[in-house]
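# Here's my sequence, what's the structure:
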Amino acid sequence: MKRNFIITIGAGIFLACLLAGCEGNSNSSKDSSSLPNDKDELNISAAVMLGPHKAQVAQNATITREMNSSDVNGSMVSYSFEQLNWPVSEGCDGGCYVFWELNGQAVGGLFDAHGAGQTVKSLENIYGGYLDGKRPAKGQTVYFAFVNLDGTERTNVKKSVNPW
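All right, here's what the predicted structure looks like:
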């Protein structure tokens, strides 16, 4: 079943989601007020954003939290990250982003809402064509990040242990 979420862009970004069972808890609780952009494992500063929410660009947010790992396993991705402690609305604290390289250019976008504390996410929206019908090629290296609800903070961009 496709996950539904709505993003409205105005004074801030409001993300409401209907999640079928947000799973898991975030991991460590280190405090990081701002992490350097060199924590990104893929340079997304000029990324081409895809999908219906391309106006919410992850590269404009400041890295304030660390994603320790991401790992694609079939139609799911699992994450390990420091405690986000971002404001929550309707059970969500941000959005999940995927990136990959296409002809030497970083591409990607918001593919689903992130439930507060959620450590596992389905990739069904990507397979379903949510990102303008584009997705990484089988075996391609992919990267993931979270962005908070108002688009001002994000995690570093982390390479998946397994390829797409």
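
# Now do the strands in this protein.
For the chain, applying DSSP state E gives strands covering 4-9, 13-18, 48-49, 62-65, 67-73, 76-81, 92-102, 105-115, 120-122, 143-148, 153-155, 158-159.

# Mind checking those strands for the one nearest to residue 135?
Set against residue 135 and scored by Cβ to Cβ, the strands of the chain come closest in strand 92-102, at 8.3 Å. The C-beta positions use only the backbone N, C-alpha and C, and glycine is treated the same way.

# In CSV, list the strands of the chain along with distance to residue 38 and mean pLDDT.
Formatted as CSV, the strands of the chain follow (distance: least, Cβ to Cβ, whole Å; pLDDT from 0 to 100):
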stretch, distance to residue 38, mean pLDDT
strand 4-9, 29, 37
strand 13-18, 26, 34
strand 48-49, 22, 96
strand 62-65, 9, 96
strand 67-73, 14, 97
strand 76-81, 18, 98
strand 92-102, 16, 97
strand 105-115, 15, 96
strand 120-122, 26, 97
strand 143-148, 14, 97
strand 153-155, 14, 97
strand 158-159, 13, 98
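
# Mean neighbour count, the ones you listed: which tops it?
strand 143-148 (a mean of 26; mean count of other Cβ atoms under 10 Å).

# hang on, the earlier thing: export the strands of the chain to CSV and tack on distance to residue 136?
As requested, those are exported to CSV (distance: least, Cβ to Cβ, whole Å):
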stretch, distance to residue 136
strand 4-9, 21
strand 13-18, 24
strand 48-49, 14
strand 62-65, 23
strand 67-73, 9
strand 76-81, 12
strand 92-102, 4
strand 105-115, 9
strand 120-122, 15
strand 143-148, 10
strand 153-155, 19
strand 158-159, 12
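
# Nothing else from me, thank you.
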